[in-house]
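**Student:** 3D model of this:
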Amino acid sequence: MPVEVGQVLKGKVTGVKKFGAFIKLPDGSTGLCHISEISQSFIKDIETHIEVNQEVNVKVIGIGKDGKVNLSIKQTEERVAPPQSRAPRRETVKDFDSLVSDFLKTSDEKLKTIKNNKSRRGNGYNSRK
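**Tutor:** Purely as a prediction, here's the structure:
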């Protein structure tokens with residue numbers, strides 16, 4: 001029975017490369033699970049997440065005109081909500097307000113310095129009109 005897009009199958013990892021894992025499917029064909037489709041989190045070293053002969057659930061996410069099968073492991077897993085910030089929102093606003101206040105203070109000081117330097121140059125230097 002040929003594989004179809006959308007199917008979830010059990011496969012066996014036959015090879016691991018830097019860019020992804022080759023997985024043998026029940027019908028005897030082999031598909032590729034790209035490194036970006038292995039986990040919901042960032043993967044720096046693929047070999048820390050998957051190994052040869054490991055059995056995995058995969059979803060068929062595409063079949064090319066040339067017959068190449070694209071697979072996903074992460075689409076078979078439940079989505080994990082990203083961790084929420086532990087800091088209260090009020091503190092974040094306070095921090096932002098203080099940052100803006102500091103920025104404005106620094107900007108005003110720099111503008112005063114620039115104006116003072118221009119006035120010290122003398123009458124003839126900037127008198128072009």
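**Student:** ok, and for stretch 59-66, which residues are buried?
**Tutor:** 59-61, 63 (16 or more other C-beta atoms under 10 Å). Where C-beta positions appear, they are placed from N, C-alpha and C, glycine not excepted.
**Student:** just those: which are in strands?
**Tutor:** 59-61, 63 (DSSP state E).
**Student:** among these, which one lies nearest to residue 70?
**Tutor:** Lowest distance from residue 70 to these (C-beta to C-beta) belongs to residue 61, with 5.1 Å.
**Student:** residues in contact with the closest one?
**Tutor:** Neighbouring residues of residue 61 by C-beta atoms under 8 Å, 6 or more residues apart in numbering: 5, 37, 70-72, 75.
**Student:** how about the strands in this protein?
**Tutor:** Using DSSP E, strands in the chain cover 8-17, 20-24, 30-34, 55-63, 69-72.
**Student:** break this structure into its domains for me.
**Tutor:** 8-76, 87-121 (automatic domain parsing).
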